[in-house]
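J.: For reference, the sequence and a predicted model appear below.
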Amino acid sequence: MPEHFSIMAAMRSLHLATARLRLKSADLELAAADLNDQAAFSVLLGAQLPQDWPAPLNDEHSKTYTLNYLTRNPDDAGWSTWYFLLPADENHSALAIGIGGFTGKPSEHGIVEVGYSVIPAHQGRGYASEALAALIEWAFSHDEVRAVTAQTLAELVGSIRVLEKNGFLLQGEGSEEGAIHFSRTRK
């Protein structure tokens, strides 16, 4: 395992640690709380939620998708949502700053799709790039993963830059109108 992050299993959730972040994968209990009870979600997450939570694009639809996916696949921790946390220090409690993750386990061709979002107050600081790097490395630690793909909108220049910093190459149009598709293959 590369030195810049560590992996630990804690019950059904997985944890990744980068230089500045902690990532925690959703499990069924955490996903249900994220959708239905923000106070319980904060306790289970072990982090405070900022006023501008949830992160952009983490709406009721995406939360329901995660809950439904984990209901059908309770042992697939890591292949759905991950929460991005600034760890606690002597002056601050842990703070949720974003989400990311995969749309499910690798396809029969070894492809997974990744996404990410950071709350506006913490954008532009490299957190999305750092979290995405950890997620990509985690995905490629599974032998069956051959490629990681992502889609974004052409006008989201910051999102495109995050992908480019992580070695993704533009592949063309995405699956939805206005979306563009990127891919990174295993080295």
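T.: Structure received.
J.: mind showing which ranges of the protein have poor pLDDT?
T.: By pLDDT under 70, the low-scoring segments of the chain are 1-11.
J.: what are the ranges of the helices in it?
T.: Counting by DSSP state H, the chain has helices at residues 28-36, 38-45, 60-72, 127-140, 157-165.
J.: Show residues contacting the first one.
T.: Spelled out, it's helix 28-36. With contacts defined as C-beta atoms under 8 Å, 6 or more residues apart in numbering, helix 28-36 is touched by 12-13, 24, 26, 40-41, 44-45, 54, 60, 63-64, 66-67, 70-71, 74, 80-81, 83. (Each C-beta comes from the backbone N, C-alpha and C, glycine too.)
J.: angle of that helix against helix 60-72?
T.: Angle of helix 28-36 versus helix 60-72, following axes from the mean of the first three to the mean of the last three C-alpha atoms, to 10 degrees, is 160 degrees.
J.: May I have helix 28-36 exported as PDB, CA atoms only?
T.: Taking C-alpha atoms only, helix 28-36 is exported to PDB below (Å, rounded to 0.1, in the frame of the first residue of the first chain):
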ATOM      1  CA  LEU A  28     -26.400   1.000   5.600                       C
ATOM      2  CA  GLU A  29     -26.800   2.800   8.900                       C
ATOM      3  CA  LEU A  30     -24.800   5.900   7.900                       C
ATOM      4  CA  ALA A  31     -26.600   6.100   4.500                       C
ATOM      5  CA  ALA A  32     -30.000   5.900   6.200                       C
ATOM      6  CA  ALA A  33     -29.100   8.700   8.700                       C
ATOM      7  CA  ASP A  34     -27.600  10.800   5.900                       C
ATOM      8  CA  LEU A  35     -31.000  10.700   4.200                       C
ATOM      9  CA  ASN A  36     -33.300  10.900   7.200                       C
END
